[in-house]
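>>> the sequence and its predicted three-dimensional model are supplied below.
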Amino acid sequence: MGLVNAGMMLLLSAACEVDAAPSAYKEVAQADEADDDSGIELDDHNLPPETPHKRTPSALPLPTNEGSWLSKWFSAISGPTRSIMYRLWFLLAADSVADGMVPYTYCNYFLDQNSHPSKSTLGDITSISYLLAAMSSVFAGPLSRRIGLINTMVFTHVPSSAAVLLFGLSSTLWINVVLLFIRAGLNNMDQAPRAAFIAAVVKPEERTAVMGITSTIRTMAAMIGPSITGLLASGDRFWLAFTVAGALRLAYDFGLYAMFVNMKLHTHEQTPASAEVTAERRTL
């Protein structure tokens, strides 16, 4: 899935951006036009032999950077945006590795191996978990408007991460079920604020590229998680995967709060006054 996601992102073109990219050609004066203005017609026979006639093309291509495909991929993103996103991508990669280590299927397997509930009970637990996740996502928007995007992301994700960390340390069924419900109920509340935060700190013309790279990094980082869990489970330390994943998620939460809590949002958006000035200039 990571490779498929990466391939789809690479197929995106500049046509999906809101603002059109500047033209790669510039107009230059033509020698033929200069001859017409002087009123004198020149041909190749009237030119001296030591100065051969060279026709100037009407448009010359600007020099392009022939770098690797990765550099071209990132070339659409400005330096200030990259300085922000490099930090955020690193944190999101750590969070995605943790999510890949302990998906809900592994939680059900852990419950089945430790507590041995009936299969119908496991199905009911999973259904309630998904229901809580769907219901909690509705409240992410109003909560972020009240306390802010970063605060919503961190304050809802920390309890979920703590539940993941403690999940593998308990062998009691009802305790593990409560921890699973806490994780599922709060785990998705940071997704909408995260997308809004990314859109607020990057330029409008860069949002498509940034969103695509973010999705690709998260998907490919999540691919590493199951291998780590399998390595721990092979040594009879399956419970340790939940502890490591919870610690990674908490590191993501605290790092996110420390790096971005005071960051100003929408600095690239035009104010009403600047928008009026821009409109007046266009009409001149």
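Thanks, I have the structure now. Residues are numbered from 1 along each chain as shown.

>>> and the contacts of the strand or helix carrying W174?
Following DSSP states H and E, one finds W174 within helix 173-187. When contacts are defined by Cβ atoms under 8 Å, 6 or more residues apart in numbering, helix 173-187 is touched by residues 104, 107, 110-111, 114-115, 117, 125, 128-130, 132-133, 135-136, 156-157, 159-160, 163-164, 166-167, 170. For every residue, glycine as well, the C-beta is placed using N, CA and C.

>>> of the residues you listed, buried ones?
Among the contacts of helix 173-187, those classed as buried by neighbour count (16 or more other Cβ atoms under 10 Å) are 104, 107, 110-111, 114-115, 117, 125, 129, 132-133, 136, 156-157, 160, 163-164, 166-167, 170.

>>> wait, is V154 part of a helix?
Yes - the assignment for V154 by DSSP: H, G, I helix; E, B strand; the rest coil puts it in a helix.

>>> show the pLDDT at it.
With respect to pLDDT, V154 scores 96.

>>> check the one 4 residues further on too.
At V158, the predicted lDDT confidence score is 96.

>>> related to what we said a few turns ago, in helices, which of the contacts of helix 173-187 appear?
Among the contacts of helix 173-187, the residues falling in helices (DSSP state H) are 104, 107, 110-111, 114, 125, 128-130, 132-133, 135-136, 156-157, 159-160, 163-164, 166-167.

>>> sorry, back to before: any buried residues in the helix holding W174, and which?
By neighbour count with 16+ other Cβ under 10 Å, helix 173-187 contains the buried residues 176-177, 179-187.

>>> can you add pLDDT and give those residues back as a markdown table?
Conversion of the buried residues of helix 173-187 to a markdown table gives the following (pLDDT from 0 to 100):
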| residue | pLDDT |
| --- | --- |
| N176 | 95 |
| V177 | 96 |
| L179 | 96 |
| L180 | 96 |
| F181 | 96 |
| I182 | 96 |
| R183 | 96 |
| A184 | 94 |
| G185 | 93 |
| L186 | 94 |
| N187 | 92 |
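
>>> reformat these as CSV; add distance to S83.
Conversion of the buried residues of helix 173-187 to CSV gives the following (distance: Cβ to Cβ, whole Å):
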residue, distance to S83
N176, 42
V177, 43
L179, 37
L180, 38
F181, 39
I182, 35
R183, 33
A184, 35
G185, 35
L186, 30
N187, 29
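
>>> who's in contact with the closest residue to A184 other than its chain neighbours?
If you skip the residues right next to it in sequence, A184 has S129 as its closest partner in space, 3.8 Å away by Cβ to Cβ, 6 or more residues apart in numbering. Neighbour list for S129: 104, 180-181, 184 [criterion: Cβ under 8 Å, 6+ apart].

>>> any idea how far the residue nearest in space to the middle of the chain is from A14?
The C-alpha lying nearest the average C-alpha coordinate of the chain belongs to T214 (Cα atoms, centre = their mean; 2.1 Å). The span separating T214 from A14 equals 19 Å under the rule Cβ to Cβ, to the nearest Å.

>>> check M220 too.
Relative to A14, M220 is positioned 24 Å away (criterion: Cβ to Cβ).

>>> more neighbours: the two, which one.
Residue environment comparison for M220 versus A14 gives the larger neighbour count to M220, 17 against 12, counting by other Cβ atoms under 10 Å.

>>> quick check: closest non-adjacent residue to that one.
G2 (3.9 Å).

>>> measure that neighbour to A209 for me?
To A209, G2 is 18 Å away according to Cβ to Cβ.

>>> of the two, who's got more company?
Of the pair G2 and A209, A209 is the one with more neighbours under other Cβ under 10 Å, namely 22 against 16.

>>> assumed the more buried one was part of a helix.
Yes - inclusion of A209 in a helix is indicated when three-state DSSP is applied.

>>> for G212, which residues are in contact?
Contacts of G212 (Cβ under 8 Å, 6+ apart): 9, 12.

>>> confidence score at it?
87.

>>> let me see the contact set for L3.
Residues near L3 by Cβ under 8 Å, 6+ apart: none.

>>> which helix or which strand is home to it?
With DSSP H and E as criterion, L3 is part of helix 2-10.

>>> do the same with A76
Under the criterion DSSP H and E, no helix or strand holds A76.

>>> next one: phi and psi at it?
Torsion angles at A76 (phi, psi; degrees, to the nearest 10) stand at phi -80, psi 0.
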